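Chemist: Below: sequence and its predicted model.
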There are 2 protein chains.
Amino acid sequence: MNKPYQILIADDHQMFIDGIKLIFSNHTDYEIAAEALSGMEVLDRFKTQKFDIAILDVNMPKPNGFETCKIIKKQYPDCKIMILTMYAEGQFLNEFMDSGASAYVLKNAGKAELLRALESIVNGQVYIGKQLKLIVDVPQKDGFSKSFSLTKRELEIIALLAKEKTSAEIAEILFISTYTVNTHRKNILHKLDVKNTAGLIKYASENGIV
Amino acid sequence: MNKPYQILIADDHQMFIDGIKLIFSNHTDYEIAAEALSGMEVLDRFKTQKFDIAILDVNMPKPNGFETCKIIKKQYPDCKIMILTMYAEGQFLNEFMDSGASAYVLKNAGKAELLRALESIVNGQVYIGKQLKLIVDVPQKDGFSKSFSLTKRELEIIALLAKEKTSAEIAEILFISTYTVNTHRKNILHKLDVKNTAGLIKYASENGIV
DNA sequence: TGAAAAATACCTATAAATAGGTATTGTGAT
DNA sequence: ATCACAATACCTATTTATAGGTATTTTTCA
């Protein structure tokens, strides 16, 4: 029997962490060696301890799961990372692929899938939860989009642009003036540092905004 | 012991099929029940036989792996499908997610990974080969982009549009008239059935064209 | 070698997007 | 209470994109 895999678990809800710990309590292959309530805490733990696997919540505060994942992967490339998400936010798939994580699983996946995912990643494979496959167009959770410094309204307009709407159509849908829509579009182009709608949509696609 | 899983294997190179058959020859869990050299042949086999798993090559002729996959999934939703690819074409990931397939594996993955992937998918999970994770921006293989019925020139123009170029700029780059560029753009919008450049870029992003 | 597909080019009119401004109101945080 | 920011709105001028055509030349493939 090998030494159990050392796992760090991070989520902003202690209750969820406790649930996960229960799952592993009678498992000899895996050991919850540390826990964290934020991205910062995760990085702190890594400074004093070595982990084989980190299980990170996407919506965790400062920095979020993907950002934390990238930082860890840079400093400790051997550590495998599993990203957990509450909602079936399929649009984060590209971000997941870029983050260097090894697994992407829904929180309501259940014990069996969690263990299967772990088994996969310790064998060097990438695992994506079944339910994440079919989801599209889930509205953006706030606090997450902040990292792009785009406002709620701006995200709404991007979403409508991605649906091939013109400024006039967007104005009608949102009950605002076409002038306002154009002001927003102007601001979006500046914020994302792109030249036109083509660049905007490309950026949005690459970053899972649409 | 259960009845072995009935597998259909499809690839345009017979030699590759024979290799796969060797892998399964001493396996009691899986049985290669049929083989096919093209998408059409795959669909023919399904008319007379029932399969638990279909292993499809992406670059297979008429129709290709993803298209074949979609057709099978519509008529036989219970059949699990594994997509094999020769090159680490990471940009087809979205297409994979849309196709309804359960696994996406590199051909040079080796016996162990093949079996692990199969184990995953019969358990209802989605499996993506490790090597497919890091690849970006692999140039489009010809014959594959044909499935979108976009010509080489049209793909060039899409690529330039994604780089935020205007029709006039594209004309200059390609040494052709702005009129010609606009004709191409018109044709592209029709072919992809999108209303404007936003839709075009979104489609291109989702399908790995850019 | 003949037919089909691709690439080229032109014309016109309208619709939409972009860039440059300015300015007011509401809201949330320090 | 003040400051920053978000959201709103307006104006103008110019550039770009889109839609409707037609038509010729070049490539490719059967």
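Modeler: In hand now; what should we look at?

Chemist: Okay, and A:L22 sits in which element?
Modeler: helix A:14-25 (DSSP states H and E).

Chemist: What's the biggest helix in chain A, counting residues?
Modeler: For chain A, the longest helix by residue count, based on DSSP state H, is helix A:178-192.

Chemist: and it with chain B, contact?
Modeler: No: if you take C-beta under 8 Å from any C-beta of the partner chain as the test, helix A:178-192 misses chain B, and the best it gets is 10.1 Å. (C-beta placed from N, C-alpha, C; glycine too.)

Chemist: List the buried residues of that helix.
Modeler: Buried residues in helix A:178-192, counted by 16 or more other C-beta atoms under 10 Å in any protein chain shown: A:181, A:184-185, A:188, A:192.

Chemist: As CSV, those residues with pLDDT and distance to A:D11 would be great.
Modeler: Shown next, in CSV, are those (pLDDT from 0 to 100; distance: C-beta to C-beta, whole Å):
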residue, pLDDT, distance to A:D11
A:V181, 95, 38
A:H184, 93, 35
A:R185, 94, 37
A:I188, 89, 32
A:L192, 81, 31
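
Chemist: and these near DNA strand C, which?
Modeler: The residues of the buried residues of helix A:178-192 that also fall near DNA strand C, by C-beta under 7 Å from any atom of the strand, are A:R185.

Chemist: Just name the closest of the buried residues of helix A:178-192 to A:I157, please.
Modeler: The closest of those to A:I157 turns out to be A:H184 (C-beta to C-beta; 5.0 Å).

Chemist: separation between the closest one and A:I32?
Modeler: Distance of A:H184 to A:I32, computed by C-beta to C-beta, to the nearest Å: 46 Å.

Chemist: ok, what's across the strand from the residue lying closest to A:D11 once chain neighbours are set aside?
Modeler: Distances taken as C-beta to C-beta, 6 or more residues apart in numbering or on different chains place A:D57 nearest to A:D11, at 4.1 Å, with adjacent residues excluded. Assessed by DSSP bridges, A:D57 has beta-bridge partners A:L84.

Chemist: Quick check: A:D57 vs A:S120, distance?
Modeler: 19 Å.

Chemist: ditto for A:I55
Modeler: 14 Å.

Chemist: likewise A:S38?
Modeler: Counting by C-beta to C-beta, the separation of A:S38 from A:S120 is 27 Å.

Chemist: for A:A54, same thing?
Modeler: 15 Å.

Chemist: With neighbour numbers in mind, choose between those two.
Modeler: Set A:A54 next to A:S120 and count neighbours by other C-beta atoms under 10 Å in any protein chain shown: A:A54 wins out with 28 against 25.

Chemist: element containing that one?
Modeler: strand A:53-57.

Chemist: hmm, who's touching the next helix-or-strand element following that strand?
Modeler: Under the assignment DSSP H and E, the closest C-terminal helix or strand after strand A:53-57 is helix A:65-75. Helix A:65-75 has contacts (C-beta atoms under 8 Å, 6 or more residues apart in numbering or on different chains) with A:10, A:39, A:42-43, A:46, A:54, A:56-60, A:63, A:79, A:81, A:83-85, A:92, A:95-96, A:98-101, A:147.

Chemist: cutoff 6 Å now
Modeler: With C-beta atoms under 6 Å, 6 or more residues apart in numbering or on different chains as the test, helix A:65-75 has contacts from A:39, A:42, A:56-58, A:79, A:81, A:83, A:95, A:99-101.
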